[in-house]
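Asks: Following is a predicted model, sequence given first.
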Amino acid sequence: MPELPEVETMVRGIRESVEGRLISGFQECPCPCKPIAMTPGIKAIRTRVLNQKIIAVRRLAKRVILDLENSDSFVIEPRMTGLMLLSDPPDTGHLRLEWLLQKGRSKISLWFWDRRGLGTVRLFRKSELETALGPLKLGPDALAISVKELKQRCSETSRAIKVALLDQKMIAGIGNLYASEILHLSRIHPEQAANRLTDSEVQEMHKALNRILKTAIRYEGSTLGDGTYRNALNQSGSYQNQHQVYGREGKGCPACKGASIIRMVQAQRSTFYCPCCQVKNDRI
DNA sequence: ATTAATGTTCAGAA
DNA sequence: TTTCTGAACATTAA
């Protein structure tokens, strides 16, 4: 589930506790599920990271990155249901990995918990990071992209703008939930071809994505009905209470009051929008 | 029993 | 070449 705001919340939640600590252990947790994808294997990772200090915890798009003193980096992709936790997992049956972290006599654990198990944990050398996270894999981070760059990238594809926003090579960090919310605030129809957006529409979209992602971070992300998403201390986010369209099919649009929210499918994912607020432009 | 779920990636067709 | 569709990955809950 996690998109940029949820991953940013994870990073902020673990950073203070984790930075500056030595990795004194790294292990798979007993769990009845299939193991999650990990490269290289557990043994190879362990020999490379044991007694290494974590010097930085950061986010790139929807990934959590742990930088180690030896220039290796863990790159954690929570995908649909992965969480980074410092305590109290939602349940013990889906704990996947544990890092034992030490500083002097103080020992803490950091866990990767993942219900569906689609998440991945990889360890890269510095020289491999560019291949894994460089511009061929990821576009500019959604919170760092300029209007100019966004305009340029939109002009290069004829796909529907909702689909383009989900393309991590075009812009990185936006997922299915926030794409719908961003387009609603920008008053742009999700099926509008990206290269047919007017300059002022792209400008609006840029403003909207900054506003929505930053506000969602302030609210510590969205915890939807199934309650899967939790912060590092196993607490719910609260941005779900601010959603205007996502998951609100048939309910009234909070912006125009008149119309009810429509659900449609694009690229096999649900899109929610207001047929009154979000109309395609007349640009030829 | 069926379907959909905050993600990514691949194969194959248009 | 670009775009679209379907399926796969693994698990749960409505």
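Replies: Received it, and whenever you're ready, just let me know what you need.
Asks: Pretty sure residue A:120 sits against residue A:77.
Replies: Yes - applying C-beta atoms under 8 Å as the test, residue A:120 and residue A:77 come out as touching, 4.7 Å apart. For the C-beta atoms, the positions are set from N, CA and C on the backbone; glycine is no exception.
Asks: Quick one: neighbours of the closest residue in space to residue A:29 that isn't next to it in sequence, just the number.
Replies: For residue A:29, the nearest residue in space outside its immediate sequence neighbours is residue A:95; the separation is 4.1 Å by C-beta to C-beta, 6 or more residues apart in numbering. As a burial measure, the neighbour count of residue A:95 was computed by other C-beta atoms under 10 Å and equals 21.
Asks: For residue A:95, which residues are in contact?
Replies: A:29, A:31, A:89, A:111-113 (C-beta atoms under 8 Å, 6 or more residues apart in numbering).
Asks: Now with 6 Å, please.
Replies: Residues in contact with residue A:95, defined by C-beta atoms under 6 Å, 6 or more residues apart in numbering, are A:29, A:89, A:111, A:113.
Asks: Could I get the contacting residues of the first one?
Replies: So the one you mean is residue A:29. Applying C-beta under 6 Å, 6+ apart, we find residue A:29 in contact with A:95-96, A:98.
Asks: Export the residues you listed as CSV, with columns for distance to residue A:181.
Replies: Rendered in CSV, the data for these read as follows (distance: C-beta to C-beta, whole Å):
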residue, distance to residue A:181
A:95, 31
A:96, 30
A:98, 34
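Asks: From those residues, list the ones also adjacent to DNA strand B.
Replies: When the contacts of residue A:29 are checked against DNA strand B using C-beta under 7 Å from any atom of the strand, none falls in range.
Asks: so of the residues you listed, which ones are in strands?
Replies: If you go by DSSP state E, these have A:95-96, A:98 in strands.
Asks: nearest to DNA strand C, of those residues?
Replies: Using C-beta to the nearest atom of the strand, residue A:96 comes nearest to DNA strand C of the ones in strands among the contacts of residue A:29, at 9.8 Å.
Asks: got the contact list for that closest one?
Replies: Remark: with contacts taken as C-beta under 6 Å, 6+ apart, residue A:96 is in contact with A:29, A:36, A:112, A:114.
Asks: Just give the nearest non-adjacent residue to the residue of chain A found nearest DNA strand B, would you?
Replies: Residue nearest to DNA strand B within chain A (C-beta to the nearest atom of the strand): residue A:175, separated by 1.9 Å. Of all residues beyond its chain neighbours, the one nearest residue A:175 is residue A:3 (3.5 Å), with distances taken as C-beta to C-beta, 6+ apart.
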